[in-house]
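>>> no FASTA, just this:
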């Protein structure tokens, strides 16, 4: 049973370009969470999705950021017109059920560098 | 909004020492998780607690719901335990984590 997969592992974008980060949850998991870790800072929640639904996007910047988790395929975190401040590690996690009483399994992260 | 604090911020220990990392939070929670982030950046979930105590190998996690406090203990520490340990909580209203700032542990041989 493969773990949570994220790709790419490293992504370099120039200012103004788009970044697309992919997350494939563990088999059987229908809940996906995205987190951001800025350099030398702690993890911050961004968005929580179930298949075809955004449940909580309270941690996601209102502009330039969007997320989806389609019926088929991976969850995508999309950042339009990237700026240097978007450089960070982006982690996704999945769980089989909702709520804090269930373990979340983390992917290896995507390290985004904006030049 | 829950505020999560951890102490100490940084900790250096000699191999074999007993280590304690503390976490406190400000509002009621449905669960508390301890995570380990390796130097390479990967994150592993160590424990999920809603009450009492859990043990896994050399790791022990406890939680006191009334005092809003949890501790992570490492017995017979080893250099491979060197990592950042992160406390994360989910309160009774939300479904997403609020993370502590992490404790950076270095275990010297």
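All right, it came through fine. Everything quoted here is computed from the prediction, not taken from an experiment.
>>> Give me the neighbour count for the residue of chain B found nearest chain A.
Closest to chain A within chain B is residue B:90: 2.7 Å, counting by CB to the nearest CB. Where you see a C-beta, it was placed from the backbone N, CA and C, and this is true even at glycine. Neighbour count of residue B:90, defined by other CB atoms under 10 Å in any protein chain shown: 24.
>>> so which helix or strand takes in it?
Taking DSSP states H and E as the criterion, residue B:90 maps to strand B:83-91.
>>> which is the next helix or strand following that strand?
Next along the chain after strand B:83-91, taking DSSP H and E as the criterion, comes strand B:98-99.
>>> Which elements pack onto the next helix or strand after that following strand?
Heading C-terminal from strand B:98-99, the first helix or strand you meet, by DSSP H and E, is strand B:103-108. Packed against strand B:103-108 by the contact rule (3 or more CB pairs under 8 Å, 6 or more residues apart in numbering or on different chains; DSSP states H and E) you find strand B:10-14, strand B:19-25, strand B:83-91.
>>> Tell me which strands the last one pairs with, and in which orientation.
Pairing partners of strand B:83-91, with direction, according to DSSP bridges: strand B:29-37 (antiparallel), strand B:98-99 (antiparallel), strand B:103-108 (antiparallel).
>>> now those strands as TSV including mean pLDDT and mean neighbour count?
Shown next, in TSV, are these (pLDDT from 0 to 100; neighbours: other CB atoms under 10 Å in any protein chain shown):
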stretch	mean pLDDT	mean neighbour count
strand B:29-37	91	22
strand B:98-99	91	23
strand B:103-108	97	17
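>>> a markdown table please, covering those and showing distance to residue B:14.
Below are these laid out as a markdown table (distance: least, CB to CB, whole Å):
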| stretch | distance to residue B:14 |
| --- | --- |
| strand B:29-37 | 20 |
| strand B:98-99 | 28 |
| strand B:103-108 | 6 |
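>>> and of those, who's closest to residue B:77?
Nearest to residue B:77 among the strands paired with strand B:83-91 is strand B:103-108 (4.7 Å), distances taken as CB to CB.
>>> quick check: angle from the closest one to strand B:19-25?
With axes from the mean of the first three to the mean of the last three CA atoms, to 10 degrees defining the directions, strand B:103-108 sits at 180 degrees from strand B:19-25.
>>> tell me the contacts of residue 75?
Going with chain A. By CB atoms under 8 Å, 6 or more residues apart in numbering or on different chains, the contact set of residue A:75 is A:22, A:23, A:24, A:25, A:32, A:34, A:49, A:67, A:68, A:69, A:92.
>>> try again with chain B
The contact partners of residue B:75, taken as CB under 8 Å, 6+ apart, are B:18, B:58, B:59, B:60.
>>> What's opposite the third one in the beta bridge?
Spelled out, that is residue B:59. In beta-bridge terms (that is, DSSP bridges), residue B:59 pairs with residue B:56, residue B:74.
>>> ok, it touching residue B:46?
Yes: in terms of CB atoms under 8 Å, residue B:59 counts as a neighbour of residue B:46; the distance is 6.1 Å.
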